[in-house]
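Visitor: I need the structure of the sequence given here:
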Amino acid sequence: MKYARIVRLFADKLHLSYEDALGFFYDSETYRLISNGVADMHCLSDEYLADELLMEWNEQRRNSESNGCRDIHFDN
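Guide: Residues are numbered from 1 along each chain as shown. Down below sits the predicted model:
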């Protein structure tokens, strides 16, 4: 249940769908650290871990923008 609470908080912060937030979560370094019990991260608050996930999201966005990657938008 902890993962679900973290993902919900993260999704709410970024106004993402739950599915998109869940996909990002399971591919994240934050998830890897929690699931491997590194530094007892699973003991930290849901809010703190959602903020860690948000920082990871922002870092990935900065890296992709600095590499010239942009979001792709399709016109219907």
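Visitor: Send me stretch 43-54 as PDB with only the CA atoms.
Guide: Extracted as PDB, the C-alpha positions of stretch 43-54 are listed here (Å, rounded to 0.1, in the frame of the first residue of the first chain):
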ATOM      1  CA  CYS A  43      10.600   4.100   6.700                       C
ATOM      2  CA  LEU A  44      10.500   7.600   5.300                       C
ATOM      3  CA  SER A  45       7.100   9.400   5.000                       C
ATOM      4  CA  ASP A  46       5.100   9.100   1.900                       C
ATOM      5  CA  GLU A  47       5.200  12.800   1.300                       C
ATOM      6  CA  TYR A  48       9.000  12.800   1.500                       C
ATOM      7  CA  LEU A  49       9.300   9.900  -0.900                       C
ATOM      8  CA  ALA A  50       6.900  11.600  -3.300                       C
ATOM      9  CA  ASP A  51       9.100  14.700  -3.200                       C
ATOM     10  CA  GLU A  52      12.200  12.500  -3.900                       C
ATOM     11  CA  LEU A  53      10.300  11.200  -6.900                       C
ATOM     12  CA  LEU A  54       9.500  14.700  -8.000                       C
END
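Visitor: Counting neighbours, which bits of that stretch end up buried?
Guide: For stretch 43-54, the neighbour count (16 or more other Cβ atoms under 10 Å) marks 46, 49-53 as buried. Heads up, the C-betas are built off the backbone N, CA and C, glycines and all.
Visitor: Just the closest of those residues to Lys2, please.
Guide: Asp46 (6.7 Å; Cβ to Cβ).
Visitor: My read is that that closest one contacts Ala4, right?
Guide: No. Counting by Cβ atoms under 8 Å, Asp46 does not reach Ala4; the two are 9.5 Å apart.
Visitor: Tell me how many other residues surround Phe25.
Guide: 22 (other Cβ atoms under 10 Å).
Visitor: could you list every residue that touches it?
Guide: 3, 6-7, 10, 31, 53 (Cβ atoms under 8 Å, 6 or more residues apart in numbering).
Visitor: Give me the subset of the residues you listed that lies in strands.
Guide: The members of the contacts of Phe25 all map outside strands under DSSP state E.
Visitor: Using a markdown table, lay out those together with pLDDT and distance to Ser17.
Guide: Formatted as a markdown table, the contacts of Phe25 follow (pLDDT from 0 to 100; distance: Cβ to Cβ, whole Å):
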| residue | pLDDT | distance to Ser17 |
| --- | --- | --- |
| Tyr3 | 96 | 16 |
| Ile6 | 98 | 16 |
| Val7 | 98 | 11 |
| Phe10 | 97 | 11 |
| Tyr31 | 96 | 18 |
| Leu53 | 96 | 15 |
